[in-house]
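[1] Could you work out the structure for the sequence below:
(one chain, ligands or ions: 1)
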Amino acid sequence: MALRSRLDQARARSKGGLVSTLGSVEVMQPTYPAEAESYRAKLSDFLDGNLPADWKGIGALPEDERSAFQSEWRKTLRANSLLAPNWPAEYGGGGLTHVEQVILNEEFAKRGVPTSGANDGFSIGMVGNTILHWGTDEQKAHYIPRILDGDDIWCQGYSEPDAGSDLANLGCKAELDGDEWIINGQKIWTSQGHTANMIFVLARTDVDQPKHKGISFLLVEMDQPGVDCRPITNMVRHDHFNEVFFSDARCPKDNVLGGLNNGWAVGNTLLGFERGVGATTTSLGYRAELNQFIDMARDKGKTDDAEVRQQIAQFHTNVEIMRYRGMQALTRYLNGQTPGPEASIGKLFWSKHHHAITEAAMNLLGPDGMVGFGTETRGGLGAPAIGTENTPGNWIASFMIARPGTVYAGSSEVQKNIVGERVLGLPKEPRADTGSWKESQAAYK
Ligand SMILES: Cc1cc2nc3c(=O)[nH]c(=O)nc-3n(C[C@H](O)[C@H](O)[C@H](O)COP(=O)(O)OP(=O)(O)OC[C@H]3O[C@@H](n4cnc5c(N)ncnc54)[C@H](O)[C@@H]3O)c2cc1C
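    The predicted structure is shown next:
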């Protein structure tokens, strides 16, 4: 069926509300119930009343002002019950409905406003949600208010030098000594570890079990003599991640989340939160980045170049696919379903797109792409924050920041395995991990 007639049908179905224009191209838009639109108007008033008058998006702030803005903004969100909007009000969250959360994400993303503080992806998005799912009443009562008040700032202690994609191979050990766990081993690539005072650690608590089974999820304080956190400087010269060494570090016996030797299940609940985040707003950042790419092509007089035109068409198609996938994810979410293994398709797609558009940008820049970092102001992973200046320095930084996109939160090859096995139902990869973890280590050596 021709695109035109599909659009006509969609327009007829939506009584005019589903189709809008993007430049000269007509595109489908989701429609929301009237009460959702009145919440959107309320949020818009909140943003107008609380953001600076000349607000262009957090990307427009110089790096040294950005983190100060974000921590003040976090306090504003907390004071207005907009921090952790999905958490029940009884735990201090926003208690918003699913639709309201989606509207909040959309409105904040459009204006380039953070929905939380710097480490909250770990504190609220990952461990907070996981504590609400698996925690005892005592754990919830202790940790949830501390997370919201910013008393506990978390980081993620999963990966090790010999355990990344094969996370179940992890060797960081915890042994019980009276009422405490004694922890020894090493974690690596611990993002924001240097700004955290708490770390959630996947540790081996039973070496005689098969490797997926003898693991526990521990809640550990960073500020103690047995924890040594050493920053690693990344390609864009930011101290983004760290190595964390545990030498007889301690945590109370009761700081196991979700039960002894049940860490694999708990850890996977958390990864579901990590991989599902942002599905509905991912395309907005990539659309803004593509607009900057088109502006740069115009500035360089390259919009008649056949190769550049092909690239722009492909990138536009990619961003639209991301937007449609976002709508699919939204539908699942509004129906109360979790992201599921299909989330891997989105992760594969945006990370590959980001490689391609930043490579094309480096080609467009030509010799400017070799100039240093003088004008580089962007930070963070993924698409640049809204408001980020369209400069060679920022494109160079984006090019480098795009590289690890195909590695963190599960590498592309691992995502393809998930899609193959769990979405397409292909035969499973052979796995040789039937004996105990201890035996597998002996065989390996
Ligand atoms: C920017 C960034 C931030 C990160 N932050 C954190 C953090 O906060 N906390 C944390 O715990 N970890 C973090 N990580 C680590 C991340 O989770 C791991 O890098 C990732 O899981 C891959 O593991 P690895 O680096 O050990 O690579 P490996 O697992 O050694 O993979 C090496 C290569 O082999 C391929 N491969 C591996 N297994 C298979 C397979 N079965 N089939 C096909 N190919 C395969 C991989 O795709 C890859 O190309 C971060 C990583 C990055 C890049």
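[2] ok, the closest residue to residue 368 other than its chain neighbours to the ligand distance?
    In this structure, residue 368 finds its nearest non-sequential neighbour in residue 392, 4.3 Å apart by C-beta to C-beta, 6 or more residues apart in numbering. (Each C-beta comes from the backbone N, C-alpha and C, glycine too.) Using C-beta to the nearest ligand atom, to the nearest Å, one obtains 23 Å as the distance from residue 392 to the ligand.
[3] Over to residue 429?
    From residue 429 to the ligand the distance is 6 Å (C-beta to the nearest ligand atom).
[4] again, but for residue 327
    Using C-beta to the nearest ligand atom, we find residue 327 at a distance of 28 Å from the ligand.
[5] A helix includes that residue, no?
    Yes. Counting by DSSP: H, G, I helix; E, B strand; the rest coil, residue 327 falls inside a helix.
[6] count of residues packed around it?
    Neighbouring residues of residue 327 were enumerated by other C-beta atoms under 10 Å; the total is 15.
[7] per-residue pLDDT, it?
    We have a pLDDT of 84 for residue 327.
[8] just residue 368 next, same as before
    pLDDT for residue 368: 88.
[9] How much space separates it from residue 238?
    Plainly put, residue 368 is 22 Å away from residue 238 if you go by C-beta to C-beta, to the nearest Å.
[10] Next, the contact list for the one residue in the chain that gets nearest to the ligand, please.
    Across the chain, the shortest distance to the ligand (C-beta to the nearest ligand atom) belongs to residue 164, at 1.8 Å. By C-beta atoms under 8 Å, 6 or more residues apart in numbering, residue 164 lies in contact with 189, 411.
[11] Then residue 100?
    Contacts for residue 100 were tallied using C-beta under 8 Å, 6+ apart; they are 36, 39, 85, 94.
[12] tell me the SS of the first one?
    What it means is residue 36. In three-state terms, and counting by three-state DSSP, residue 36 is helix.
[13] what number of residues lie near it?
    Neighbour count of residue 36, defined by other C-beta under 10 Å: 15.
[14] what ranges do the helices span in the stretch 1-150 of the chain?
    Shown for the stretch 1-150 of the chain, the helices assigned by DSSP state H, counting those that start in this stretch span residues 3-14, 34-50, 63-79, 98-111, 120, 129-134, 137-149.
[15] avg pLDDT for the third one?
    Throughout helix 63-79, pLDDT has a mean value of 92.
[16] Now do that helix against helix 98-111, angle only.
    Taking axes from the mean of the first three to the mean of the last three C-alpha atoms, to 10 degrees, one finds that helix 63-79 is oriented at 160 degrees with respect to helix 98-111.
[17] Centre of the chain to helix 63-79, how far?
    Here the centre of helix 63-79 is set off from its chain's centre by 19 Å, with C-alpha atoms, centre = their mean, to the nearest Å.
[18] For it, buried residues please.
    In terms of neighbour count (16 or more other C-beta atoms under 10 Å), helix 63-79 has its buried residues at 66, 69, 70, 73, 74, 77, 78.
[19] all strands for the stretch 251-400 of the chain, in order.
    Defined through DSSP state E, counting those that start in this stretch, the strands belonging to the stretch 251-400 of the chain, from first to last, are 256-257.
[20] can you give me the helices for it?
    263-276, 282-299, 306-334, 343-365, 392-402.
[21] Now tabulate these in JSON lines and tack on distance to residue 197.
    Supplementary listing: those in JSON lines, determined by distance: least, C-beta to C-beta, whole Å:
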{"stretch": "helix 263-276", "distance to residue 197": "19"}
{"stretch": "helix 282-299", "distance to residue 197": "30"}
{"stretch": "helix 306-334", "distance to residue 197": "32"}
{"stretch": "helix 343-365", "distance to residue 197": "29"}
{"stretch": "helix 392-402", "distance to residue 197": "26"}
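[22] Comparing the ones you listed, which comes out most buried?
    helix 392-402 (a mean of 22; mean count of other C-beta atoms under 10 Å).
[23] related to what we said a few turns ago, ok, which of the helices of the stretch 1-150 of the chain comes nearest residue 290?
    Within the helices of the stretch 1-150 of the chain, the stretch nearest residue 290 is helix 98-111; the backing value is 15.2 Å (C-beta to C-beta).
[24] Quick check, residue 250 in contact with residue 176.
    No. Proximity of residue 250 to residue 176 does not meet the contact threshold set by C-beta atoms under 8 Å, at 11.0 Å.
[25] what's the overlap in contacts for the two?
    With C-beta under 8 Å, 6+ apart applied, the overlap between the contact sets of residue 250 and residue 176 consists of residue 182.
[26] of those two, who's got more company?
    A direct count of neighbours by other C-beta under 10 Å for residue 250 and residue 176 places residue 250 higher, at 19 against 11.
[27] For the closest residue to residue 135 other than its chain neighbours, which residues are in contact?
    Nearest-residue entry for residue 135: residue 257, 6.1 Å, with adjacent residues in sequence omitted and distances by C-beta to C-beta, 6+ apart. Going by C-beta under 8 Å, 6+ apart, residue 257 touches 130, 131, 134, 135, 139, 200, 217, 218, 219, 266.
[28] Does residue 399 touch residue 362 like I think?
    Yes. Residue 399 lies in contact with residue 362 (C-beta under 8 Å); the separation is 5.3 Å.
[29] can you list residues touching both of those two?
    Common contacts of residue 399 and residue 362 (C-beta under 8 Å, 6+ apart): residue 369.
[30] The chain - how does it break down into domains?
    Domain assignment of the chain by automatic domain parsing yields the ranges 26-118, 151-273, 278-423.
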